[in-house]
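# Here is my input; please provide its structure:
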Amino acid sequence: MSPLEDSGAFGLGLDLAAPARYYPASRSVRSRAGAATVRSGEQWATRYHLRLCISDATVLTTVAIGAQIGRFGFGNPDVSVGQFGIGYGFLSLGIAAAWMLALGIYGSRDARVVGIGSDEYKRVISATTTLLGLLAITFLVFKIDIARGYFALAVPLGVGGLIASRWALRNWLMRQRAFGHYLSRVIVLGRHKDVRYVINQIQKKSGAAYHVVGAALPGSDPRLSVVVGPTAVPVVSTIDSVVDAVRRFEADAVIVAGPLKGGSDYIQKLGWRLEESRTELVLATGLTNVAGPRIHSRPVEGLPLMHVELPQYAGAKHVVKRLLDVVLSGCALLVLAPLFLVLAVLIRLDSPGPVLFRQERIGRAGEKFVMFKFRSMVVTAEEELAGLLGRNEGAGLLFKMKDDPRVTTTGEWLRRYSLDELPQLWNVLRGDMSLVGPRPPLQREVDGYKDRVHRRLYIKPGLTGMWQINGRSALNWQDSVRLDLYYVENWSLTGDLIILWRTARMLKNPVGAY
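Below is the predicted model:
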C-alpha cells in the first residue's frame, strides 16, 4: 500500500501527469542541447498560448477556404440569408472565427490541459460539437441555405487538423522538457514517506511537467535530503518556513503530499501566504488509481466536497467498446491475412511444430479461454520450463527470461515486434478478449492473486494495454499490477484509442520486448 492510500482525501485531486503551471521561474540551465535561457513563467505561458492561437487560426482558416474550394472550386458563390446574399468566402472566415472562439471558451488552450493527457483533445472535440449544434440552430432560424457538402468537408478536416497540429506542438513541448526546459519548479511538502511517494511518482512519469527543486519536512525531521532511487532531493525548509523557500528557489508551485498537523486550517493559511508570490498550491489526493476525470469538486456553502465517480463495468460504454473491437479486429484480420500466411510459412521453415501456439488463459470474471499466438518457441517449451525456473528474471508471479533458450530464431523477431500476438485478433473478434485491456493472465498467476489484484478480472484482457506501452517484459510484477488496476478503474474509449495509437508507434521502436 502506498503512503497516500490510507491517508484520506483532504483536498482537490492531483494528477501527477499534469502541471500546476507549465512554466518554470526565470533561470539559466545547461542541457544536452547546450546553454539556453529558460523564459520566466508568465513569458512562457503567454508565448505558448500564442503558438496555440496561431496554429488553430492557421488550421481553421486553411480548412474553411479548402472546404469552399473543394465544394465550389475557385469561385465565390453567394449563400442566401433571408433576402440578402453573402459570399462563401466571408462565411468561411466567420465560421473559422466562431470555431476559434469556441475553442477558447472550452478552455482547450488552458495551461493545465495542454501538453499532456487526453483532456486537451476532448475539449477540442466538445467545442466543435457544440459549435455545430449552434450553427445548425442559427442556419435554421435565419433560413440560411448552406451546402451540406461544404460542412461534410470542413468538419472532419477541421477536427483532424486541430488534433494533428496540437499533437505536433505537444511533441515539440516534450522535446523541450527532455532538455530541462518548460518545467514547473515545485517544492513538495509533507511527511517524509508522503513526500518520497509523490516525488517518486513525478520522476516515474515520462514527460511529467514538474521539476522538484526541494522538499519541506516537519521541523522534527532531521533529514537533509529525500532519497528517491538515484536522486537525492534536498530538504530546503521545514513545513512552517516553506514560503521563504519558495522565494529563494523561485518555485512555481507547492505540492502538499499528504495530511499535515493543523489540517485544513494550515492549508488555508499557507494559501494566503503564497498569494503574495503568485505561487500555486496543489493538494495531492489520498486516492490512488483514480484518474483526474473521475474527480469533481462540488462546493456546498463554502465546503469543498470531492465527488469521485465509481468505475462502471457494464452499460453503453462497454457496448461501444465491443462494437469497436468487432469492427477493428475484423478489418485487421482481413487486411493482415497475407502477412499471416507469410509468417506461417517462416515459422514452419524455422522449426518443426504447429504454426499456432494455444494456451489457456483467464478472461473476464475468471472465465477460461484458449488464446492464440504465433509459435515463437520450440514445441517442448512447456516441458523445459521447470528446468529454467531458477534463472527467472521476472518478479512476482511472472516468468521472464531475456535470453530464453526455448525461443526460436524466427520467434526472436516475432516477439520483438509483437507479431506473435496478431492471432489474438481472432480472440478479440470472438469476444474472449478486447483490443485494449489488462494483460491476459495464466491460471497459476490468478491462483496467486491477492484480494485487490482480482479486480484485473473485472473487464476483458487486452491485445494491448498500459503494460504494452510502458515497458512490457521490462516491468516488474508490482508495476504490471499497478498499471492493470489503473486501467480497470479508469478506462475510457478515448483512452483506448490513445493506447492503440501509442502501441502502433512503439512497434517502430520496441522497448522491453523479449
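# Could I get the full set of helices for the stretch 351-500 of the chain?
Per DSSP state H, counting those that start in this stretch, the stretch 351-500 of the chain carries helices over the ranges 381-384, 409-416, 424-430, 443-447, 477-490, 493-506.
# Could you pull out the buried residues of the first one?
Okay, so that is helix 381-384. Going by neighbour count (16 or more other C-beta atoms under 10 Å), the buried part of helix 381-384 is A381. All C-beta atoms are positioned from the backbone trio N, CA, C, and that covers glycine.
# Dump stretch 172-185 to PDB, restricted to CA.
This file holds the C-alpha atoms of stretch 172-185, laid out as PDB (Å, rounded to 0.1, in the frame of the first residue of the first chain):
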ATOM      1  CA  TRP A 172       7.800  19.900 -29.600                       C
ATOM      2  CA  LEU A 173       6.900  20.600 -25.900                       C
ATOM      3  CA  MET A 174       8.000  17.100 -24.800                       C
ATOM      4  CA  ARG A 175      11.400  17.500 -26.600                       C
ATOM      5  CA  GLN A 176      11.900  20.800 -24.800                       C
ATOM      6  CA  ARG A 177      11.100  19.200 -21.500                       C
ATOM      7  CA  ALA A 178      13.500  16.400 -22.200                       C
ATOM      8  CA  PHE A 179      16.300  19.100 -22.200                       C
ATOM      9  CA  GLY A 180      15.000  20.600 -18.900                       C
ATOM     10  CA  HIS A 181      13.000  23.400 -20.400                       C
ATOM     11  CA  TYR A 182       9.500  24.500 -19.600                       C
ATOM     12  CA  LEU A 183       9.200  22.500 -16.300                       C
ATOM     13  CA  SER A 184       7.300  23.800 -13.300                       C
ATOM     14  CA  ARG A 185       9.700  24.300 -10.300                       C
END
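# picking up where we left off before, mind checking which of the helices of the stretch 351-500 of the chain is nearest A96?
Taking C-beta to C-beta as the criterion, A96 comes closest to helix 493-506 out of these, the separation being 25.4 Å.
# State the distance from T503 to S480.
To S480, T503 is 16 Å away according to C-beta to C-beta, to the nearest Å.
# same thing with S92?
For S92, the distance to S480 (C-beta to C-beta) stands at 51 Å.
# got it, and Y313?
If you measure Y313 against S480 using C-beta to C-beta, the figure is 21 Å.
# and these two? which has more neighbours close in?
Set side by side, Y313 and S480 show more neighbours around S480, with 26 against 14, by other C-beta atoms under 10 Å.
# per-residue confidence at the spatially closest residue to that one that is not a sequence neighbour?
What sits nearest to S480 in space, not counting adjacent residues and going by C-beta to C-beta, 6 or more residues apart in numbering, is W467, at 5.5 Å. Listed pLDDT for W467 reads 83.
# Wait, W467 touches W477, no?
No: contact between W467 and W477 fails when scored by C-beta atoms under 8 Å: they sit 11.0 Å apart.
# Isn't L157 up against G66?
Yes: with contacts counted by C-beta under 8 Å, L157 reaches G66, the gap being 6.7 Å.
# who touches L346 in this structure?
When contacts are counted by C-beta atoms under 8 Å, 6 or more residues apart in numbering, L346 is found next to T410.
# ok, it to F357 distance?
If you measure L346 against F357 using C-beta to C-beta, the figure is 15 Å.
# follow-up on the earlier one: and the residue nearest to S480, how many neighbours?
Other residues near W467 come to 22 when the count uses other C-beta under 10 Å.
# wait, what's in contact with it?
Listed by C-beta under 8 Å, 6+ apart, the contact set of W467 reads P438, R439, L475, S480, L483, D484.
# and the nearest residue to G258 once chain neighbours are set aside, what element?
Using C-beta to C-beta, 6+ apart and skipping residues adjacent in sequence, the residue nearest G258 is D194, 3.1 Å away. Counting by DSSP states H and E, the element that carries D194 is helix 192-204.
# got a list of what V155 touches?
Applying C-beta under 8 Å, 6+ apart, the residues contacting V155 are T128, L132.
# how about low-confidence regions in this structure?
Along the chain, segments meeting pLDDT under 70 span 1-45, 79-85, 205-208, 285-304, 306-310, 389-400, 472-474, 510-514.
# which helix in it runs the most residues?
The helix that spans the most residues within the chain, counting by DSSP state H, is helix 316-350.
# What residues sit buried inside it?
Applying a neighbour-count criterion of 16+ other C-beta under 10 Å, the buried positions in helix 316-350 are H318, K321, L324, D325, L328, S329, A332, L333, F340, L343, A344, I347.
# residue contacts, the second one?
Same thing as K321. Taking C-beta under 8 Å, 6+ apart as the criterion, K321 is in contact with S434, L493, D496.
# would a markdown table of those with neighbour count and distance to T408 be doable?
Converted to a markdown table, the contacts of K321 look like this (neighbours: other C-beta atoms under 10 Å; distance: C-beta to C-beta, whole Å):
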| residue | neighbour count | distance to T408 |
| --- | --- | --- |
| S434 | 26 | 29 |
| L493 | 13 | 38 |
| D496 | 22 | 32 |
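# how about those residues in TSV, adding distance to K460?
Putting these into TSV (distance: C-beta to C-beta, whole Å) gives the following:
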residue	distance to K460
S434	4
L493	14
D496	12
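# List the residues that contact the closest residue to D119 other than its chain neighbours.
Computed as C-beta to C-beta, 6+ apart, the closest residue to D119 that is not its neighbour in sequence is V113, at 4.5 Å. Shown in contact with V113 (C-beta under 8 Å, 6+ apart): A18, G107, D119, E120, R123.
# how about CSV for those, with neighbour count added?
Written out in CSV, the entries for the contacts of V113 read as follows (neighbours: other C-beta atoms under 10 Å):
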residue, neighbour count
A18, 21
G107, 16
D119, 19
E120, 22
R123, 20
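# Mind checking which of those land in strands?
When those are checked against strands using DSSP state E, none is located there.
# tell me which of those residues is nearest to A216?
Within the contacts of V113, the smallest distance to A216 is 21.6 Å, found for A18 (C-beta to C-beta).
# For K368, name its beta-bridge partners.
I362 (DSSP bridges).
# Go ahead and confirm it touches D432.
No: judged on C-beta under 8 Å, K368 makes no contact with D432 at a distance of 9.5 Å.
# in whichever strand or helix holds L50, what counts as buried?
When elements are assigned from DSSP H and E, L50 belongs to helix 41-72. Residues of helix 41-72 classed as buried: 41, 44-45, 48-49, 51-52, 55-56, 59-61, 63-68, 71 (neighbour count, 16+ other C-beta under 10 Å).
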